[in-house]
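Novice: Sequence first, then the predicted structure:
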Amino acid sequence: MKIIKRARVPIRIDFAGGTTDIAYFSHKYGGAVLNAAINKYVSGKLIKKNNKTHLEYTGKIPTSSGLGTSGAMNVLWLSLINKNKNRKELANMAYKIEQDMGIVGGTQDHYAASFGGINFLEFKKNKIIRTPIKLKKPFIEELENNLILVYTGLPHFESTANKNMIDNIKKGKHIQNLIRIREIAKEMKNALLKKDLTRFSELLNEETENRKKLDSAVLPPGAKEIIKHGFSHGATAAKICGSGNGGSILFFGNKKKLKKKFKKSVIDFKFDFEGLRVW
C-alpha cells in the first residue's frame, strides 16, 4: 500500500445567519453568515493498493452533529483528487456537487472547512465575499472560555430541515425572520470586532428566537429541555447549530458549571485557524 496524499479539514460552529446562505433566499434577498472553524477534524488519505486508488476517511465527530461535517468531507475528498485548486475553488466545487445531488443547503460549511478561522460571509446572487475576522489572542481565548458545545444526541437531517424552510419561503412565510437573522450576523460581527461579548450573547439568543419561527422542527422537545437545563446552570445564551432539528447546541456562559452539568455530551473545542491542510 502506498499513501499518495493526506488531507485534513475542520468542521464549524455557526454563530448567526445560517439558512440565508441557501441560494433560493440569498439570490433574492442577500445572505450573511458568521461562523468559526473548530479543531475537530475529518481526515483522509488517497492510497494506492493492488493497482487501484482508494480514498479513506476518519473523524471523531458525533453522528448528525449539525456542525457541517458532510460539507467538510466533500472539501476533503476534492482536495485529495484535485491538483492546483485553491481553497475557494474547492469550497465552490464541494457546494456545486451537493447541489447536483439535490442536497438542499448553503455554502458556509465548505468555506469554513477550506479557510478555517472566524469568517463573515456575504452572499449576493452568484457572489460570495469572505471577510476573515481578525481578533487578538487574549480576546479569542476569552471568547473560547465563554463558549461550550453540547451534543444533543437527537437525530439531525440538515437537508430535510432546509427543504422545509425553503418551502415556507416559497410560500412567503418567515421572510422577515430570515432577514433579521441575516442582519444579526452583521451585528454580531461588529460586536466581536468591538470585543462586546455582552452584545454577542444577546444576539445569539435573538438568532435562536428568530430561527425557532422558521419551522416547528427547528427546536424539538429534547433540545428545548437541554437549553432549559443550560440556562439553569450558568448559560446566558444558547444557539442551535446548523438548521436545528437536533444536532448540537452552542451555549455562552459559565463554562465550568455547564461542563459539569452536561459532562460526556460536551464537545471540547478551540478555534481552528488553519483550515484545509494537504500534505
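Specialist: The structure has been received and is ready for your questions.

Novice: Can you say which helix or strand has the closest residue to residue 200 other than its chain neighbours in it?
Specialist: Nearest non-adjacent residue to residue 200, counting by CB to CB, 6 or more residues apart in numbering: residue 191, 4.4 Å away. For every residue, glycine as well, the C-beta is placed using N, CA and C. In the assignment (DSSP states H and E), residue 191 maps to helix 175-193.

Novice: quick one: the helices in the stretch 51-200 of the chain?
Specialist: For the stretch 51-200 of the chain, applying DSSP state H, counting those that start in this stretch gives helices covering 69-81, 87-100, 108-115, 137-144, 158-170, 175-193, 197-212.

Novice: Give me the mean pLDDT for the third one.
Specialist: Spelled out, it's helix 108-115. Averaged over helix 108-115, pLDDT sits at 98.

Novice: Repeat that for the fifth one.
Specialist: Per-residue confidence for helix 158-170 averages out to 74 on the pLDDT scale.

Novice: Could I get the full set of strands for the stretch 1-150 of the chain?
Specialist: Taking DSSP state E, counting those that start in this stretch, the strands of the stretch 1-150 of the chain run over residues 2-16, 31-49, 52-58, 118-124, 127-132, 147-151.

Novice: Could you tell me the least trusted of the ones you listed?
Specialist: If you rank the strands of the stretch 1-150 of the chain by mean pLDDT, strand 52-58 sits at the bottom with a mean of 93.

Novice: Return the list of helices and strands in contact with that strand.
Specialist: Contacts defined by 3 or more CB pairs under 8 Å, 6 or more residues apart in numbering; DSSP states H and E place strand 52-58 against strand 31-49, helix 69-81.

Novice: Identify the residues contacting that strand?
Specialist: With CB atoms under 8 Å, 6 or more residues apart in numbering as the test, strand 52-58 has contacts from 4, 42-48, 73, 76-77, 80-81.

Novice: So residue 98 versus residue 34, what's the distance?
Specialist: 21 Å (CB to CB, to the nearest Å).

Novice: should've said residue 119
Specialist: 7 Å.

Novice: For those two, indicate the residue with more neighbours.
Specialist: Ranked by neighbour count (other CB atoms under 10 Å), residue 119 and residue 34 place residue 34 first, with 27 against 22.

Novice: Just list the residues touching the more buried one, thanks.
Specialist: Contacts for residue 34 (CB under 8 Å, 6+ apart) come out as 14-17, 118-121, 133, 185, 188-189, 192.

Novice: Please name the nearest non-neighbouring residue to residue 21.
Specialist: Nearest residue to residue 21 in three dimensions, chain neighbours excluded: residue 106, at 3.0 Å (CB to CB, 6+ apart).

Novice: Provide a list of residues in contact with that neighbour.
Specialist: Residues in contact with residue 106 (CB under 8 Å, 6+ apart) are 18, 19, 20, 21, 22, 23, 26, 31, 33, 95, 123, 162.

Novice: what's the neighbour count on the second one?
Specialist: Residue 19 is surrounded by 31 other residues when neighbours are defined as other CB under 10 Å.

Novice: burial measure for the spatially closest residue to it that is not a sequence neighbour, as a count.
Specialist: Spatial nearest neighbour of residue 19, chain neighbours left out: residue 165 (5.7 Å); criterion: CB to CB, 6+ apart. Neighbours of residue 165 under the rule other CB under 10 Å: 27.

Novice: do the one 3 residues further on as well
Specialist: Using other CB under 10 Å, residue 168 is surrounded by 17 other residues.

Novice: on that earlier part again, any idea which of the helices of the stretch 51-200 of the chain gets closest to residue 270?
Specialist: helix 137-144 (5.6 Å; CB to CB).

Novice: if we can go back for a sec, let me have the helices of the stretch 51-200 of the chain in a markdown table, extended by distance to residue 242.
Specialist: Below are the helices of the stretch 51-200 of the chain laid out as a markdown table (distance: least, CB to CB, whole Å):
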| stretch | distance to residue 242 |
| --- | --- |
| helix 69-81 | 10 |
| helix 87-100 | 14 |
| helix 108-115 | 9 |
| helix 137-144 | 20 |
| helix 158-170 | 6 |
| helix 175-193 | 13 |
| helix 197-212 | 10 |
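
Novice: Deepest in the core, which of those helices is it.
Specialist: Highest mean neighbour count among the helices of the stretch 51-200 of the chain (mean count of other CB atoms under 10 Å): helix 108-115, with a mean of 30.

Novice: CA-only coordinates of that one, as CSV, when you get a sec.
Specialist: Provided in CSV are the C-alpha atoms of helix 108-115 (Å, rounded to 0.1, in the frame of the first residue of the first chain):
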residue,chain,number,x,y,z
GLN,A,108,-21.0,28.3,4.7
ASP,A,109,-19.8,24.7,5.7
HIS,A,110,-17.4,24.5,2.7
TYR,A,111,-15.8,27.9,3.3
ALA,A,112,-15.2,27.1,7.0
ALA,A,113,-13.6,23.8,6.1
SER,A,114,-11.4,25.3,3.4
PHE,A,115,-10.3,28.5,5.0
